[in-house]
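[1] build me a model from this:
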Amino acid sequence: QVQLVESGGGLVQAGDSLRLSCAASGRSANTYTMGWFRQAPGKEREIVARIAWSSGSTYTADSVKGRFTISRDNAKNTVYLQMNRLKPEDTAVYYCGASPLVTMSVVTDWGKGTLVTVSS
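    Numbers count the residues shown, from 1 in each chain. Model (predicted):
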């Protein structure tokens with residue numbers, strides 16, 4: 001099992017930036033694929049970006065490509081989501097997830113989420 005703790009959410013204005021952090025702990029945490037997901041009110045949870053811990057290969061959803069960047073710090077067992085040029089439609093609860101699968105088709109561990117609110 002992997003324990004995940006998110007931080008960095010908040011209220012910002014459109015065009016601002018935020019960086020979310022996800023600290024991972026537990027057995028084999030550094031062999032998993034880590035991802036950021038978000039869920040807006042009334043909508044399903046969707047993947048935003050993912051990163052394979054060992055190789056560092058990444059995937060970013062088209063809706064945020066060019067604005068959001070996922071990265072990791074192996075020494076700190078932490079994954080980041082740098083969010084630039086935020087838009088009101090980015091408002092959501094952002095969750096960190098971990099999966100033993102590169103595609104993250106099954107997410108085995110979730111953080112509690114951090115709220116990001118973007119005002120227009």
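
[2] just for the chain, where's the confidence low?
    Where the chain drops to pLDDT under 70, the residues are 28-29.

[3] what kind of secondary structure is the most centrally placed residue in the chain in?
    For the chain, the residue nearest the mean C-alpha position is residue 36 (2.2 Å; C-alpha atoms, centre = their mean). State at residue 36, reduced to three classes by DSSP: H, G, I helix; E, B strand; the rest coil: strand.

[4] same question for residue 103.
    Going by three-state DSSP: residue 103 is coil.

[5] need the contact list for it.
    residue 33 (C-beta atoms under 8 Å, 6 or more residues apart in numbering). Yep, even glycine has a C-beta here, placed from its N, CA and C like the rest.

[6] and it, how far from residue 13?
    Distance of residue 103 to residue 13, given as C-beta to C-beta, to the nearest Å: 35 Å.

[7] could you do residue 88 as well?
    Applying C-beta to C-beta to residue 88 and residue 13 gives a distance of 10 Å.
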